[in-house]
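1. fold the following and give me the result.
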Amino acid sequence: MAVVSSASGLIAMLHEPHPALKLHALDKLNSLVHLFWPEISTSVPTIESLYEDEEFDQRQLAALVVSKVFYYLGELNDSLSYALGAGPLFDVSEDTDYAHTLLAKALDEYASLRSKAAKSSEESKMDPRLEAIVERMLDKCILDGKYQQAMGMAIECRRLDKLEEAITQSDNVHGALSYCITLSHSFVNHREYRCEVLRLLVKIYQRLPSPDYLSICQCLMFLNEPDTVATILEKLLSGSKDDALLAFQIAFDLVENEHQAFLLNLKSRLAGSKSQAIDHVNPDQGSSAPTSENGNATADNVVAASEDVHMTEESHAANGTSQDINQTDATYNERLAKIKGILSGETSIQLTLQFLYSHNRSDLLILKTIKQSVEMRNSVCHSATICANAIMHAGTTVDTFLRENLEWLSRATNWAKFSATAGLGVIHGGHLQQGRSLMAPYLPQTGAVGGGSPYSEGGALYALGLIHANHGEGIKQFLRESLRNTNAEVIQHGACLGLGLAALGTADEVIFEDVKNVLYTDSAVAGEAAGISMGLLMVGTASEKASEMLAYAHDTQHEKIIRGLALGIALTVYGREEEADTLIEQMTRDQDPIIRYGGMYALALGYRGTSNNKAIHQLLHFAVSDVSDDVRRTAVLALGFVLYSEPEQTPRIVSLLSESYNPHVRYGAALAVGISCAGTGLSDAISLLEPLTSDVVDFVRQGALIAMAMVMIQTNESCDSRVGTFRRQLEKIILDKHEDTMSKMGAILASGILDAGGRNFSASSGIVPKFEFLSNAKPSLFEYPRPTAPPTSTSAIKMPTAVLSTAAKAKSRAKKDAEHKAASEKPPSDDTSSGSTSGKTNKSSEKDTDAMQVDSTSEKKVEPEPSYEVVTNPARVVPAQEKYIRFLEESRYVPVKLAPSGFVLLKDLQPTEVEVLTLSDAPTTLPSNAGGAATATTGQQGSGSSAMAVDEEPHPPQPFEYSG
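-> Prediction:
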């Protein structure tokens with residue numbers, strides 16, 4: 001076969017008058033275009049004229065040739081335009097670079113046009129040829145069984161009809177639906193469109209023979225449809241024991257998302273429907289407490305009824321026996337009471353409190369060291385120590401350090417006193433039943449003459465808000481009354497913050513008006529808190545009240561109030577994404593730098609966790625161009641909020657900013673990494689922060705130390721050796737009297753953050769019955785950090801005795817004479833060598849015993865560490881450990897959902913056998929190894945915190961000489 005060396009002959013044939021010759025030329029050029037496209041490109045106008053000739057039969061072939069030439073010339077837009085003209089001749093299944101590139105281009109073009117059409121009210125005309133190509137491509141993917149590829153393309157092109165087709169035709173519908181949920185949350189940037197996708201998924205789920213109610217309810221919560229969730233829960237509660245367990249698991253999952261307004265709506269709908277129909281059976285059950293004696297909400301209590309198998313049949317039998325109906329209704333009422341208790345958060349909070357108390361591993365020696373090294377007159381470090389203690393014991397209810405150092409604590413004045421009292425709220429966070437009685441000594445006393453310090457009273461009201469954060473139904477009224485009954489701005493400050501936390505996201509109009517009245521007093525101290533409180537009340541609602549707040553921010557002269565309102569406005573657009581754009585634009589274009597500062601937080605919170613390119617681009621623009629250092633710092637810091645769902649990206653994005661000449665930008669870069677990489681122990685993040693911990697500017701060092709602690713939280717030296725180095729660095733900074741106050745404050749706070757929540761801060765507690773599961777990782781990787789060793793008492797060290805050289809020579813001579821004499825007296829025999837050997841052994845007996853002891857200890861350490869461990873719940877499972885968690889086969893309990901952490905309900909496969917429970921109602925102390933009462937160790941702990949003792953053997957006694 002002749003090798004073609006030029007396309008000139010074929011190009012010449014295009015000018016022939018006979019159509020058959022033109023057709024032959026085009027056909028050959030189409031197969032040779034990849035070789036001779038530079039030559040053919042000079043004749044593109046000729047081929048284009050053939051495409052435009054209506055009478056030419058093979059116009060589509062001409063279009064295909066021109067498309068390929070333009071592709072090789074790099075003109076993809078023209079290439080796609082002519083490929084569309086080629087119609088069916090453009091083969092979507094062709095496995096060439098040309099086909100792949102143009103298909104990707106077609107998809108991008110189609111998705112862009114669909115997106116623009118969705119955003120604008122006017123309907124833009126879509127090229128039917130482009131639509132045909134995309135449809136052919138989607139159909140081919142579905143036909144070839146590439147369902148995930150088809151689902152991805154369908155979502156990107158906004159073709160929900162094709163998405164539904166790909167899901168329903170896939171061989172694993174449940175898996176396809178889960179994949180789509182992940183896709184919608186990870187890759188769909190437009191919130192409104194995401195809602196459309198989720199509605200479609202719910203519709204498909206509900207058509208399945210066995211719907212996945214867990215996933216349906218998660219989608220419905222995002223769609224804010226409590227009515228539908230209530231209907232599903234009622235259906236499950238009226239079903240079998242397994243259905244009821246599933247309903248309780250759904251309730252726990254909804255509570256974990258902490259959407260208070262949604263949960264309150266859901267509770268009210270559950271209370272309003274079934275309970276009205278069954279009030280005649282047991283009217284008091286609907287509001288009864290959900291917990292049993294041991295606070296257990298799982299298998300033994302949850303599935304308590306035995307007659308509920310027949311519930312659906314009996315519900316249809318209107319004339320059934322009254323006894324059966326009463327039993328059915330009583331069972332439903334009991335379940336309804338329990339699920340309302342779960343939805344109120346009481347059950348999960350109680351279990352979490354018990355876990356945090358019983359597994360508290362706080363190291364009081366660290367706090368003791370900080371307290372002793374902090375100068376009495378340094379109020380900044382004094383306050384930092386109080387805050388570190390609050391963070392270290394957050395949620396554990398252990399306030400031993402404060403009780404043992406009351407005299408030291410009393411040195412706090414003014415706002416330090418406010419912080420100290422508020423710190424109690426962090427320590428007792430979630431203690432809903434006893435929160436008010438715990439804070440009673442500090443709360444404002446009605447009718448009392450003189451009263452206490454307004455700072456401690458304001459701090460106590462704030463503490464109540466922290467204790468009841470997101471679960472404030474029981475305390476809202478008291479906080480409102482406290483706000484109305486005072487004119488002291490500090491108490492108003494605390495009451496506003498407390499109310500905002502207690503009524504978080506409820507959009508309560510009455511409370512909003514109360515707080516707004518405080519704002520309009522134009523008091524700088526109270527107004528700042530009122531602005532933040534209004535934002536907390538309206539968090540995530542995108543309320544119109546934001547414009548009212550913005551107008552007042554322009555009217556007032558107080559910078560504190562402007563800052564509070566700016567943060568409050570940012571909170572209102574939390575998670576609203578593109579809905580927040582108008583407000584963000586308004587704030588970021590403002591002349592006042594404080595409002596622009598609020599605009600950065602609005603960007604951060606509006607697009608939190610989305611990794612949205614547009615938001616990142618805007619923040620980076622402000623980080624390098626704004627004239628205010630305050631705004632630039634906040635813009636960089638805000639990147640941490642936007643990127644927290646992809647923490648590994650953050651160090652790369654802020655790496656150049658961390659080397660900026662501007663210290664405010666460096667500070668922002670440090671905290672951005674700390675926020676987005678918190679609890680990950682990410683190596684890149686630690687490497688970026690290390691040089692910043694020794695920065696020349698003090699507040700940059702402070703930010704870097706705090707950020708490093710956030711990254712390293714719950715990471716031990718086995719995971720990263722730099723954790724131990726960092727802990728020693730913190731200790732060195734705290735003990736160094738010449739270190740500046742800013743760095744020292746950062747080091748103190750970092751010490752608290754490292755051990756937050758009794759070293760269980762982001763831990764997930766398990767279930768009440770004793771349940772074992774497997775962690776396929778070395779135990780040392782995720783064990784608790786070792787407690788700080790107390791300083792050993794100094795003992796007299798025996799120094800070597802000085803020996804004169806003459807005495808040494810005389811001793812050596814005498815020794816040789818003795819040996820020579822002994823050798824001459826003994827007859828030569830085989831025993832000589834053994835005798836001398838034994839003599840040597842006797843001489844070095846003391847050294848050998850020491851060596852044996854060392855060898856024996858080293859032999860113990862040589863044992864290889866197991867590659868897995870069996871863990872008994874409740875146990876600490878850190879985020880990095882979740883991928884290693886496996887449930888044991890042939891276990892007595894089977895989890896309702898296969899989740900590695902969180903609240904997971906268990907189905908008891910052996911309900912007739914006696915259950916072993918691992919948590920009791922009241923927090924208990926750790927048992928001592930000797931079987932007696934647990935005692936405080938080394939004077940660090942009081943009687944109230946013996947739970948902090950670590951199960952380790954005592955240290956051996958100091959060396960001594962026995963003279964008896």
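2. so what's A394 closest to, chain neighbours aside?
-> Among residues not flanking A394 along the chain, G757 sits closest, at 4.6 Å (CB to CB, 6 or more residues apart in numbering). No exception for glycine: its C-beta is placed from N, CA and C like everyone else's.
3. same check on N257?
-> N257's closest residue in space is M221 (CB to CB, 6+ apart), at 6.3 Å.
4. contacts for the strand or helix carrying the one you found?
-> Assigned by DSSP states H and E, M221 belongs to helix 213-222. With contacts defined as CB atoms under 8 Å, 6 or more residues apart in numbering, helix 213-222 is touched by 177-178, 181, 194-195, 198, 201-202, 205-206, 226, 228-229, 232-233, 236, 246, 249-250, 253-254, 257, 259, 262, 897.
5. returning to what we had before: so what's the residue nearest to A394 up against?
-> L356, I391, M392, H393, A394, G395, T396, A763.
6. which residues does the second one contact?
-> Taking CB under 8 Å, 6+ apart as the contact definition, I391 lies against V426, L749, G752, I753, A756, G757.
7. against A83, how distant is it?
-> As judged by CB to CB, to the nearest Å, I391 and A83 stand 61 Å apart.
8. kindly report the same for the first one.
-> In this structure, L356 and A83 are separated by 63 Å, where distance is defined by CB to CB.
9. how close does R563 get to R632?
-> Relative to R632, R563 is positioned 16 Å away (CB to CB).
10. does G575 touch G606 like I think?
-> Yes: counting by CB atoms under 8 Å, G606 is a contact partner of G575 at 7.1 Å.
11. name the spans of the stretch 201-350 of the chain whose pLDDT lies under the cut-off.
-> 258, 271-325 (pLDDT under 70).
12. tally of neighbours for P128?
-> Neighbour count of P128, defined by other CB atoms under 10 Å: 9.
13. re earlier: could you list the buried residues of the helix holding M221?
-> Neighbour-count burial for helix 213-222, counted by 16 or more other CB atoms under 10 Å, picks out Y213, S215, I216, C217, Q218, C219, L220, M221, F222.
14. starting at the chain centroid, how far to the helix or strand harbouring the residue nearest to A394?
-> Using DSSP H and E, G757 falls within helix 756-759. Centroid displacement of helix 756-759 relative to its chain, using CA atoms, centre = their mean, to the nearest Å, is 16 Å.
15. tell me the buried residues in that helix?
-> For helix 756-759, the neighbour count (16+ other CB under 10 Å) marks A756, G757, G758, R759 as buried.
16. I'd like those residues laid out as JSON lines, including pLDDT.
-> Formatted as JSON lines, the buried residues of helix 756-759 follow (pLDDT from 0 to 100):
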{"residue": "A756", "pLDDT": "86"}
{"residue": "G757", "pLDDT": "82"}
{"residue": "G758", "pLDDT": "81"}
{"residue": "R759", "pLDDT": "77"}
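17. between R563 and R632, who's got more neighbours?
-> Between R563 and R632, R632 has the larger neighbour count (other CB under 10 Å), namely 26 against 20.
18. output the contacting helices and strands for the one helix or strand the more buried one maps to.
-> Applying DSSP H and E as the criterion places R632 in helix 629-642. Contacts defined by 3 or more CB pairs under 8 Å, 6 or more residues apart in numbering; DSSP states H and E place helix 629-642 against helix 593-606, helix 613-625, helix 650-654, helix 663-676.
19. farthest-separated two in the contacts of I391?
-> L749 and G757 (14.7 Å; CB to CB).
20. compare G575 and G606 and say which is more crowded by neighbours.
-> For G575 versus G606, neighbours defined as other CB under 10 Å are more numerous around G606 (28 against 17).
21. reformat the helices and strands packed on helix 629-642 as TSV; add mean pLDDT and distance to T506.
-> Listed next are those as TSV, based on pLDDT from 0 to 100; distance: least, CB to CB, whole Å:
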stretch	mean pLDDT	distance to T506
helix 593-606	94	18
helix 613-625	93	27
helix 650-654	92	33
helix 663-676	94	26
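22. count of residues packed around P441?
-> P441: 11 surrounding residues under other CB under 10 Å.
23. mind listing what it touches?
-> P441 touches nothing, counting by CB under 8 Å, 6+ apart.
24. wait, a helix at it?
-> No: read with DSSP: H, G, I helix; E, B strand; the rest coil, P441 is coil and lies in no helix.
25. what sits against Y597?
-> Shown in contact with Y597 (CB under 8 Å, 6+ apart): R563, A566, S628, D630, V631, T634.
26. do you know how far it is from T231?
-> 45 Å.
27. then A580?
-> 32 Å.
28. more neighbours: which of the two?
-> Neighbours of A580 and T231, each counted by other CB under 10 Å, are more numerous for A580; the result is 25 against 15.
29. tell me the secondary structure at that one.
-> On the three-state scheme (three-state DSSP), A580 is labelled helix.
30. quick one: residues contacting it.
-> Neighbour list for A580: A542, V573, A602, L603, G606, Y607 [criterion: CB under 8 Å, 6+ apart].
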